[in-house]
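[1] Below are the sequence and a predicted model for it; my questions follow.
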Amino acid sequence: MFEGTPRQNQMSVISGFDDYSNGKDYKKRQSIIRVWKRLSSLQRSVICFVLLLGGISALYLVTSVRQLHGGRWGHAGPSDLRDFLDSDERQKMEREKREYIQQMKQKLAKQQVGDIVKKNKEMIRRQRKGPPSGMKAGKVDQGLDGDQPPVEDKGQPVRDERFPNGNEDEDNGKDDSVDGNLNLPPKSAGDDLIVDQMSNEPYDYFNAKREYTEQQKAVQDAFKFAWKEYKKYAWGHDEYHPISKTHSEWFGVGLTIVDSIDTAIIMGLKDEYLDAREWVDKSLTFDKDKDVNLFEITIRALGGLLSAYHLTNDDVFKEKARDLGNRLLPCFKSPSNVPFSDVNLRTGHAHPPRWGPDSSTSEVTTIQLEFGDLSRVTNDDRYEHAVNVVSEHVHNLPKKDGLVPIFINANTGSFRSSATITFGARGDSYYEYLLKQWIQTGKKKEYLKQDYMAAIEGIKTHLLKESEPSKLLYIGELLGGRSFSPKMDHLVCFMPGTMALGYQNGLPKDHMEIATRLTRTCYEMYNKMPTKLSPEIVYFNQAPGSSDDLIVKPLDSHNLLRPETVESLFYMYRFTKDKKYREWGWQIFRAFMKYTKIDGGFSSINNVKSPSNPGFKDKLESFFLAETLKYLFLLFSDDPQLIPLDKYVFNSEAHPLPIYTE
């Protein structure tokens, strides 16, 4: 070490030659042992970890070479997805390696935390005593060794300098659709936000001392009423028909129960939860000679079971989820990297949909949150690997400024180029899961963020328009991928909440501005109807001088008790605390109670434009209990610890799944 060079955790290595450095004889040579002793415990741990990792890698390579030349694979290893899924030996090897590396990481992390705590205590002690003699006062702020920055508290939200006086809670009385100065919430921490899943005690959902707002109590009563009627007339069956008081099957797996069990947990409804838990434990089986849709059963059943497991830590939900996941894996054994849309739960036979050769783009790209989480809770990476292959394949396909057609072929792996581009049916949740996968995986997969950002730019370029006369902002469609249509499904109303979530996770300010205006548009789809309930589809008026912004065709005037608007109201209120979002949600809830509640429960209606005769469709969709009432309950909650959005991400069926940092 040269004289005059400051010591900053450097380590010199002496080669052992008799003559070095121009033949000078240094009397203060350091032996390797003494150098080792001078290293900090953190440095020694890092060196040991690197050496052990190298050894493991070497053993793994030797084993692979032996298998390549003499093992059961012969001269060709499992190079594609089908071989990977079928290779138990490979899975066991990967699992053992991952478990060992995880143990080493945890050991190293504990050592790092100990060193940081020790340094912080020493720094605080020195600051109280003042700088040592001969040291400049500013040196103390650099850390114990003078070369380390002070440790930041990552748990605190980053203050947005645009709002020195905090955020406005009240509506400013102006129309957000024309207000140029929107009251935006401060962003949370950006890409370096660390979420510690074990930092807090588990939330006690069934605590008798939990407090509820009056609006929450009303939502609880609605759920309990619907649950009671379903239990009386359709218990254990997929779908309930509240007028005829009959039931029907879709997949034959008690879909309403599995889809709604986490709503009962979040609402603190212990009796309803225990009923559901007992049925799942004793009666739920996936050993059915039944074809199911990969997308629908994943977001509803697999997502519901995983969410219930995370909220209760009850292994019965994990094991049922594992069984279902295994039965869905054959979908991924297609000629391309795009999964088949349907599979028989008993035989494992997978195939395209009955109605044609193509799958919906949203269906094959809205399974990643659930399969990724299943790998985390079971310590089996087959599920996550399968969906990662799909995501990476779709990432590499050509797009129209980040926008994708709504059909994709499982045999060729290509989009149907002539298909419509929409954020409504068959396209919607592709965009939702780009952002949520990025968040769920600790913001580590940059290509997901890039694809999401490109899609938002595509919206602004091709789909974002204003209506006449009120200048309501909306997202239209490209028919055939080319011709603009001012049509917007109610399904599109998930986008304001998703864009607000992106802004809260560090994405650009204009995402929140668009989200604010779109939220008002979605609310007006309810507010402008005589029943105060939104139709399934609206067309926006483009003609200057028009008297009404919305056009509703007779075949589009039904309401299916959908959740997308109240979902966005929940996000917007959670991030801004603007009370108007609660007021809008309460108006929607009261309309549901007035026009869709009947003696046998709740039913979809045929005509939102006819208060005197809305007409009932005799069907209770499971998502009314799983999503709509859940989001309303969360919207009216005053408890910031109830499903915090820095620890959970909701799947497309409103099932909260944890955010992981690794």
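    Sure, I can see it.

[2] C-alpha only now, for contacts and for neighbours.
    OK.

[3] wait, Leu473 sits on Leu518?
    Yes: with contact defined as CA atoms under 8 Å, Leu473 counts as touching Leu518 (5.8 Å).

[4] between these two, which one's more packed in?
    Leu518 (28 against 23; other CA atoms under 10 Å).

[5] how near is the more buried one to Ser336?
    Going from Leu518 to Ser336 by CA to CA, to the nearest Å gives 37 Å.

[6] One more: Phe223?
    From Phe223 to Ser336 the distance is 43 Å (CA to CA).

[7] More neighbours: those two, which one.
    Taking neighbours as other CA under 10 Å, Phe223 and Ser336 compare with Phe223 leading, 25 against 17.

[8] Using PDB, write down the CA coordinates of stretch 206-218.
    Output in PDB follows, covering the C-alpha atoms of stretch 206-218 (Å, rounded to 0.1, in the frame of the first residue of the first chain):
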ATOM      1  CA  PHE A 206     -61.400 -11.700  13.000                       C
ATOM      2  CA  ASN A 207     -60.500  -9.500  15.900                       C
ATOM      3  CA  ALA A 208     -63.700  -8.700  17.800                       C
ATOM      4  CA  LYS A 209     -62.400  -5.200  18.400                       C
ATOM      5  CA  ARG A 210     -62.100  -4.300  14.800                       C
ATOM      6  CA  GLU A 211     -63.900  -1.100  14.000                       C
ATOM      7  CA  TYR A 212     -65.900  -0.500  10.800                       C
ATOM      8  CA  THR A 213     -67.400   2.600   9.200                       C
ATOM      9  CA  GLU A 214     -71.200   2.700   8.800                       C
ATOM     10  CA  GLN A 215     -70.700   2.300   5.000                       C
ATOM     11  CA  GLN A 216     -68.500  -0.800   5.600                       C
ATOM     12  CA  LYS A 217     -71.200  -2.300   7.800                       C
ATOM     13  CA  ALA A 218     -73.700  -1.800   4.900                       C
END
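
[9] mind listing what's buried in that stretch?
    Phe206, Tyr212, Gln215, Gln216 (16 or more other CA atoms under 10 Å).

[10] got it, and stretch 513-532?
    513-527, 529, 531-532.

[11] ditto for stretch 644-656
    In terms of neighbour count (16+ other CA under 10 Å), stretch 644-656 has its buried residues at Leu645, Asp646, Lys647, Tyr648, Val649, Phe650, Asn651, Ser652, Glu653, Ala654, His655, Pro656.

[12] Then stretch 581-591?
    Tyr581, Arg582, Trp584, Gly585, Trp586, Gln587, Ile588, Phe589, Ala591.

[13] in what helix or strand does Val258 lie?
    helix 255-266 (DSSP states H and E).

[14] Which other helices and strands does that helix contact?
    If contacts are counted by 3 or more CA pairs under 8 Å, 6 or more residues apart in numbering; DSSP states H and E, helix 255-266 sits against helix 270-282, helix 303-312, helix 622-623.

[15] Can I get these in JSON lines including distance to Gly356 and mean pLDDT?
    JSON lines is the format used below for these (distance: least, CA to CA, whole Å; pLDDT from 0 to 100):
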{"stretch": "helix 270-282", "distance to Gly356": "34", "mean pLDDT": "98"}
{"stretch": "helix 303-312", "distance to Gly356": "27", "mean pLDDT": "98"}
{"stretch": "helix 622-623", "distance to Gly356": "26", "mean pLDDT": "98"}
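
[16] what's the most buried one of these?
    helix 303-312 (a mean of 25; mean count of other CA atoms under 10 Å).

[17] list the buried ones in the following helix or strand past it?
    Downstream of helix 303-312, the next assigned helix or strand under DSSP H and E is helix 315-328. By 16+ other CA under 10 Å, the buried positions in helix 315-328 come out as Val316, Phe317, Lys318, Glu319, Lys320, Ala321, Arg322, Leu324, Gly325, Arg327, Leu328.

[18] mind checking how far the host helix or strand of Met495 is from the chain centre?
    Met495 is located in helix 495-504, with elements delineated by DSSP H and E. In this view, helix 495-504 has its centroid 12 Å away from the chain centroid, taken as CA atoms, centre = their mean, to the nearest Å.

[19] swap in stretch 532-539?
    With CA atoms, centre = their mean, you get 27 Å for stretch 532-539.

[20] so who does the nearest residue to Asp358 once chain neighbours are set aside touch?
    Leaving aside its sequence neighbours, Asp358 sits nearest to Asn409 (CA to CA, 6 or more residues apart in numbering; 4.4 Å). Residues in contact with Asn409 (CA atoms under 8 Å, 6 or more residues apart in numbering) are Val338, Pro357, Asp358, Ser359, Phe415, Arg416.

[21] Show me which of the residues you listed are buried.
    Buried members of those, scored by 16+ other CA under 10 Å, are Val338, Asp358, Ser359, Phe415, Arg416.

[22] Now tabulate these in CSV and tack on secondary structure and pLDDT.
    Output for the buried ones among the contacts of Asn409, formatted as CSV (DSSP: H, G, I helix; E, B strand; the rest coil; pLDDT from 0 to 100):
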residue, secondary structure, pLDDT
Val338, coil, 96
Asp358, strand, 94
Ser359, strand, 94
Phe415, strand, 97
Arg416, coil, 96
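
[23] with those in mind, which one is nearest to Ser604?
    Ser359 (27.1 Å; CA to CA).

[24] all helices for the stretch 451-600 of the chain, in order.
    Ranges of helices in the stretch 451-600 of the chain, per DSSP state H, counting those that start in this stretch, are 495-504, 509-527, 564-576, 580-595.

[25] now the longest one and helix 564-576, what's the angle there?
    Counting by axes from the mean of the first three to the mean of the last three CA atoms, to 10 degrees, helix 509-527 points 140 degrees away from the direction of helix 564-576.

[26] Can you tell me what sits against helix 509-527?
    176-177, 182, 184, 472-474, 490, 493, 495-497, 499-500, 502-503, 532-535, 538, 550, 565, 568-569, 572, 584, 588.

[27] Buried ones only from these, please, as a PyMOL command.
    The following PyMOL line selects those of the contacts of helix 509-527 that are buried, judged by 16+ other CA under 10 Å:
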select buried, resi 176+177+182+184+472+473+474+490+493+495+496+497+499+500+502+503+532+533+534+535+538+550+565+568+569+572+584+588
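
[28] Burial check on Thr378, number of neighbours?
    Using other CA under 10 Å, the number of residues around Thr378 comes to 13.

[29] What residues does it make contact with?
    Lys318, Arg322.

[30] picking up where we left off before, nearest to Lys282 among the buried residues of stretch 206-218?
    Closest approach between the buried residues of stretch 206-218 and Lys282, by CA to CA: Phe206, at 22.4 Å.

[31] which SS class is the closest one?
    Secondary structure assignment for Phe206 (DSSP: H, G, I helix; E, B strand; the rest coil): coil.

[32] List the contacts of the nearest residue to it once chain neighbours are set aside.
    In space, and not counting its chain neighbours, Phe206 is closest to Gly268: 4.8 Å by CA to CA, 6+ apart. Residues in contact with Gly268 (CA under 8 Å, 6+ apart) are Tyr205, Phe206, Asn207.

[33] can I get these in a markdown table with distance to Leu302?
    Shown next, in a markdown table, are the contacts of Gly268 (distance: CA to CA, whole Å):
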| residue | distance to Leu302 |
| --- | --- |
| Tyr205 | 21 |
| Phe206 | 23 |
| Asn207 | 27 |
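
[34] wait, which of those is closest to Asn388?
    Using CA to CA, the contacts of Gly268 come closest to Asn388 at Tyr205, 33.3 Å.

[35] wait, isn't that closest one in contact with Thr263?
    No: with contact defined as CA under 8 Å, Tyr205 does not count as touching Thr263 (10.7 Å).
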